[in-house]
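Show me how the following folds:
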Amino acid sequence: MNAEERLEGLMRADRALAEQAADGAVSGVLEVQVGSDETHHLRYGGNEVVLDHTVRSHSVTIRAVVDGYLGVATTERCDREGLTWVRDQAVRAAEAQARRGGSLERPYELPGPEAEISESFGDPSLVDWGQGGGKIQTLHDVLARADADSVVMAGSVSTSMRSQTLLAANGRFLNQRYAVGNGQFIAQTPTGSGFRCGQFTQSGQVGLQALSEDATFKAKAASHKVDLDVGAYDVVLEPPAVAELLDWMGYVSFTAKSVEDGMSCLANRHGEQITGESITIFDDASAPTGLGVASAFDGEGVAPQRVTFIDGGRAGNVAHSLASAARFGGGSCSTGHGDGSGGESVGHLHMAPGQDDLEAMVKGLERGLWINRFHYVNGLLDPRQATMTGLTRDGCLLIEGGEVVGGFHTMRFTESILEAFKRVDGIGAQLEAVARSMGRGGRATVVPALRIRQFPFTSKQTR
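Numbers count the residues shown, from 1 in each chain. Model (predicted):
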């Protein structure tokens, strides 16, 4: 049975499970969501495969409404007793909310889709390639090349197929299913490391050898260490570093809840210039660039709309769920970003590309830093200004006169990303899909590389 047939089988099994979970429920007050996942992992270290396994998982989420109040419960136990338990828990949670009361601009209502949906995204042949031997043969070739290059390679390559089914309160079924692959490579020498990652939804996007070669280049280039002083440097941020910053902005600023909490950098600033004019950031679940995984409906069964958060540097709109629209009132409506639990989630972030070449941006650094990625980023320092702090990691390089000098020890940045985005003077023409550090499933942040002038580093690792 090929992957396309197995995906169809997942959809049928999810539908049967949803019907079983809803059996006996009062019509119009209960909704069932079933998620299924089958992921094949290859993990490697020391230039050899150390783990080859497949993980299968199922979950059932029940959403119930009592007197306009929402209750949500989830379980991974899919027998009859588990389904009865999760249904009862959702109803009890809604009843508890109703007893507590409180003002609602308008009562929460479970959506009633007008038509059923069945959509498939991505290329199922990716899964056949991953589980049929193609992936492990390609990886063996990559690791043999790492041996020849005298680097030690670690990381993982995974291929997944996933199905999400929603049995709406009006009895209609929605299903979306997709195939996706992810690869990451960490190359190490005795004194340096390099990193490269990629997500692919079509077989033609798979380029494991290219990813590993780039990680190897960064590791070797970073092996000669240069001692740097703290201070402000011109930087080129690779897509993984840009994606980390945008993921945090999506988490703390781009949702209706963040506006309600007073945390959002967009709150009460609609139309104000908050970054440079070259910056446009939006969420679009249609995967308009062919990168990332598309989505036909959100966690509340609503079709996602494109929402532009920053448009030419000006503060724009925020993502709404049905729940937030009920709280906001005043004509607010869902933008299709509900996470199913009453909150919002932006899972398809994009930054508009520019016209610059990555190599040219690096060569344009008289003395600056080429940043591969960040880690341990904290975006909660001052969310109103999108102030964050974090560390450099894996293959970050010092550039002088447009040429690589060497690597440097870990440095910490602390900066308002709004201010940093005012100093962008280069945006890459090429976009990359970076698997999200926050969120679930095959979601990715699609971004270009950026060149930012005078990006401040406030401390460094000492030896």
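
can you list the weak-confidence ranges in the stretch 101-250 of the chain?
103-105 (pLDDT under 70).

hmm, 90 instead?
The stretch 101-250 of the chain contains residues with pLDDT under 90 at 101-112, 114, 123-138, 200-207.

What segments of it are strands?
Secondary structure of the stretch 101-250 of the chain (DSSP state E, counting those that start in this stretch): strands at 117-121, 152-167, 173-188, 193-200, 225-226, 231-237.

ditto for the stretch 351-463 of the chain
With DSSP E, counting those that start in this stretch as the criterion, the stretch 351-463 of the chain has strands at 367-371, 373-382, 387-393, 397-400, 403-408, 411-416, 424-427, 432-435, 444-447, 450-460.

could those strands be laid out in a markdown table, adding mean neighbour count?
No exception for glycine: its C-beta is placed from N, CA and C like everyone else's. Below are the strands of the stretch 351-463 of the chain laid out as a markdown table (neighbours: other CB atoms under 10 Å):
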| stretch | mean neighbour count |
| --- | --- |
| strand 367-371 | 22 |
| strand 373-382 | 16 |
| strand 387-393 | 20 |
| strand 397-400 | 21 |
| strand 403-408 | 18 |
| strand 411-416 | 19 |
| strand 424-427 | 20 |
| strand 432-435 | 25 |
| strand 444-447 | 28 |
| strand 450-460 | 19 |
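
So for Arg451, which of the strands of the stretch 101-250 of the chain sits nearest?
strand 231-237 (4.9 Å; CB to CB).

What is the neighbour count of Ala94?
Residues lying near Ala94 (other CB atoms under 10 Å) number 25.

And the pLDDT for the closest residue in space to it that isn't next to it in sequence?
The shortest distance from Ala94 to any residue other than its chain neighbours is 3.0 Å, reached at Gly71 (CB to CB, 6 or more residues apart in numbering). You'll see Gly71 listed with a pLDDT of 92.

Over to Ala435?
In this model, Ala435 is scored at 90, pLDDT.

likewise Arg99?
Per-residue confidence at Arg99 stands at 88 (pLDDT).

Give the phi and psi angles for it, as a check.
phi -70, psi -40 (degrees, to the nearest 10).

Would you mind finding the longest strand in the protein?
strand 48-66 (DSSP state E).

what angle sits between the next helix or strand after that one and strand 48-66?
Next along the chain after strand 48-66, taking DSSP states H and E as the criterion, comes strand 69-75. Calculated by axes from the mean of the first three to the mean of the last three CA atoms, to 10 degrees, strand 69-75 forms an angle of 150 degrees with strand 48-66.

counting contacts, what elements does strand 69-75 pack onto?
With contacts taken as 3 or more CB pairs under 8 Å, 6 or more residues apart in numbering; DSSP states H and E, strand 69-75 sits against strand 48-66, helix 80-100.
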